[in-house]
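Student: sequence? don't have it. structure:
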């Protein structure tokens, strides 16, 4: 047993930590294996996982700003900017001022980007099918709902000054 502190500050015996009982252990394992599987199917297409995430983000609603992409994909803004610059050089996306607000640069898929996105999507569907084969769609929906709730509760903590 290890020592822990209860709600009133008294030391108590805590059960030993078991990774298998920790949901974040499983979330991390699933995410890691998913990234490995996706790297394997995306690399022959000339994409990495970060570019895939940007492609899929743009598919949902058309054009988005770099900061919107960063927020949706949970990638740091400067990293997102570099990814978009690489994708622009590869002619997968174009950047232009947003119609409603010219101060915002909007990122949009090019025809080449859309074609690559469709190929990558087909590969991702195969990974999804393999991962969830035989699972009840209701369980998958429940898992999505639960993970969305947990995600909303996780707020980045700022270091104390």
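Tutor: Received, thanks. This one's a predicted model, so the numbers in the text were calculated from it and none came from an experiment.
Student: Next SSE downstream of whatever helix or strand residue 108 lives in?
Tutor: Under the criterion of DSSP states H and E, residue 108 resides in strand 105-109. The helix or strand immediately downstream of strand 105-109 is helix 111-132, counting by DSSP H and E.
Student: quick one: that next one to strand 105-109, angle?
Tutor: 70 degrees (axes from the mean of the first three to the mean of the last three Cα atoms, to 10 degrees).
Student: could you give me the average pLDDT of the following helix or strand past helix 111-132?
Tutor: Next helix or strand after helix 111-132 toward the C-terminus (DSSP H and E): helix 137-153. Average pLDDT, helix 137-153: 95.
Student: Packing partners of helix 137-153?
Tutor: The contact analysis (3 or more Cβ pairs under 8 Å, 6 or more residues apart in numbering; DSSP states H and E) places helix 137-153 against no helix or strand. Any C-beta I mention is one placed from the backbone N, CA and C, and that applies to glycine too.
Student: who's in contact with that helix?
Tutor: Helix 137-153 has contacts (Cβ atoms under 8 Å, 6 or more residues apart in numbering) with 23, 27, 132.
Student: I'd like to know how many residues surround residue 126.
Tutor: 12 (other Cβ atoms under 10 Å).
Student: Quick check, it in contact with residue 41.
Tutor: Yes. Using Cβ atoms under 8 Å, residue 126 is in contact with residue 41, at 7.0 Å.
Student: Check the gap between the residue nearest to the spatial centre of the chain and residue 122 for me.
Tutor: The C-alpha lying nearest the average C-alpha coordinate of the chain belongs to residue 73 (Cα atoms, centre = their mean; 4.9 Å). Computed with Cβ to Cβ, to the nearest Å, the distance linking residue 73 and residue 122 is 21 Å.
Student: How many residues are close by residue 107?
Tutor: 25.
Student: same deal with residue 43?
Tutor: By the criterion of other Cβ under 10 Å, residue 43 has 11 neighbours.
Student: related to what we said a few turns ago, can you give the strand pairings for the strand holding residue 108, parallel or anti for each?
Tutor: Strand 105-109 pairs in its sheet with strand 64-65 (antiparallel), strand 93-97 (antiparallel), by DSSP bridges.
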